[in-house]
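# using only what follows, build the 3D model:
(one chain, ligands or ions: 1)
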Amino acid sequence: MSDFISKKARSEIFKLKPYVPGKPIEEVKRELGLEDIIKIASNENPLGPSPQALKAVQENLNQIHFYPDSNCYHLKKKLSSFTGIEEEGILVGNGSDELLKLIAETFLNRGDEVVFAVPSFVEYEFTAVIMGAECITVPLVGFKHDLRAMREAVSDKTKIIYICNPNNPTGTIVDADEVDDFMAHIPDDVLVIFDEAYYEYVENRNYANSLKYIKDNRNVITLRTFSKVYGLAGLRIGYALTTPFIAQAVERVTEPFNVNMLAQLAAIAALDDQEHVEKSRQMNFEGKQYLYSEFDKMGLNYIETDANFIFVDTGKDSQEVFGELLRKGIIVRTGDIFGFPTFIRVTIGTQEENARFIDGLRGVLER
Ligand SMILES: *Cc1c(COP(=O)(O)O)cnc(C)c1O
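Numbering: from 1, shown residues only. Predicted coordinates:
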């Protein structure tokens, strides 16, 4: 490292661990000379975006010399009618990743504490560490958030608690009663963030309704995204539902044109195409049943999921399994980065992709 960087860059940046993204298809093509590749590593929608969203993008390509609507007026209106949260309590971001960063910039000072589970989504740590906050981590118990331990981890320095529901990478949820009890014990000067990136996939009827705490004026932010079931990951757009006071504060640190025009238009069209969402959920449900039954036949343990991915124990080093699947043109996520070195996280794909994955996995594990 140059002297300049070590002396002048903020010391926090040296504490950041680089993000490990799902391996892009193009990279595998280049490196292994393979043509036919499936990526079931980043929980993208295997059906792609709604045709309505595609049409909205195509029809507006000739408008991109204009700046986008900085206030996302039409999208917020639609989101408001979808969620029952008033427009003044809605924030739109360049992915919910950006919203996590904006929230951290709004609230966190050096020395503040944040609480989140491990393993969970890595962006909580990333955005908190940039701001110089201390991360208090609480291990999952039985692959689920331990909400009691999380509330006991709250100190007078705690600013934010993150709850990933369903949790990435385990697919587990915390249910309504657990969350009610948790919220009853959380002091009102602690911000609770529910990350519901997989909200639309949840089938469990006891899934907690986080919006009711916002309607009760608690200091809560619920994050959702167009990257997963809505199939718009490449356009980068997500949203936050919260109180008008919190939204106004976060808007202060937000760049004026953070959400691009095509993303806004695609999101509006995607929300209008609930048929596509339903089709995606149905395919996910069927794929899940298929994968469960194949894992059962192979004698593999897996965590039952409420999302569009499954965390499964292969019983073998996950890097090795990853490498061998990669040579068959199948990209998955290794569990070692989450502290589970024999697990992989696999996105539920189309039936064809799922069958190809199972075939590949059988070959790798010889089962
Ligand atoms: C994918 C994901 C997100 C969101 O991502 P964006 O693409 O930035 O909207 C947020 N949280 C979790 C837990 C995720 O898995």
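# which non-adjacent residue is nearest the closest residue to the ligand within the stretch 1-150 of the chain?
Per CB to the nearest ligand atom, Gly95 is where the stretch 1-150 of the chain lies closest to the ligand, at 2.6 Å. C-beta here means a position set from N, CA and C on the backbone, and glycine is covered the same way. Among residues not flanking Gly95 along the chain, Arg236 sits closest, at 4.4 Å (CB to CB, 6 or more residues apart in numbering).
# contacting residues around that neighbour?
Counting by CB atoms under 8 Å, 6 or more residues apart in numbering, Arg236 makes contact with Asn94, Gly95, Glu98, Ser227, Val259, Asn260, Ala263.
# look up phi and psi at Thr225.
phi -150, psi 160 (degrees, to the nearest 10).
# can you count the residues close to it?
26 (other CB atoms under 10 Å).
# thinking again about what came up before, let me know the pLDDT of the residue nearest to Gly95.
For Arg236, the pLDDT comes out at 98.
# from the ligand, how far off is it?
Distance from Arg236 to the ligand, counting by CB to the nearest ligand atom, to the nearest Å: 6 Å.
# report the contact partners of Met261.
Asn60, Gln63, Ile64, Phe66, Tyr67, Pro68, Asp69.
# just the buried residues of those.
Pro68, Asp69 (16 or more other CB atoms under 10 Å).
# got TSV for the contacts of Met261, with distance to Gly339 and secondary structure too?
As requested, the contacts of Met261 are exported to TSV (distance: CB to CB, whole Å; DSSP: H, G, I helix; E, B strand; the rest coil):
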residue	distance to Gly339	secondary structure
Asn60	44	coil
Gln63	46	helix
Ile64	43	coil
Phe66	46	coil
Tyr67	43	coil
Pro68	40	coil
Asp69	42	coil
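# write out the residues of the stretch 51-200 of the chain neighbouring the ligand.
Residues of the stretch 51-200 of the chain that fall close to the ligand, judged by CB under 6 Å from any ligand atom: Gly95, Ser96, Asp97, Phe121, Cys164, Asn168, Asp195, Ala197.
# picking that back up, tally of neighbours for the residue of the stretch 1-150 of the chain closest to the ligand?
24.
# just checking, it touches Ser227?
Yes. Judged on CB atoms under 8 Å, Gly95 makes contact with Ser227 at a distance of 6.3 Å.
# tell me the residues that contact both of these two, please.
Counting by CB under 8 Å, 6+ apart, the residues touching both Gly95 and Ser227 are Arg236, Ile237, Gly238.
# in helices only, show me those residues.
Per DSSP state H, helices hold no members of those.
# which of those residues fall within strands?
Under the assignment DSSP state E, the shared contacts of Gly95 and Ser227 contribute Gly238 to strands.
# let me know the pLDDT of the closest residue to the ligand within the stretch 251-367 of the chain.
Distance from the ligand to each residue of the stretch 251-367 of the chain (CB to the nearest ligand atom) is smallest for Ala307, at 8.1 Å. You'll see Ala307 listed with a pLDDT of 98.
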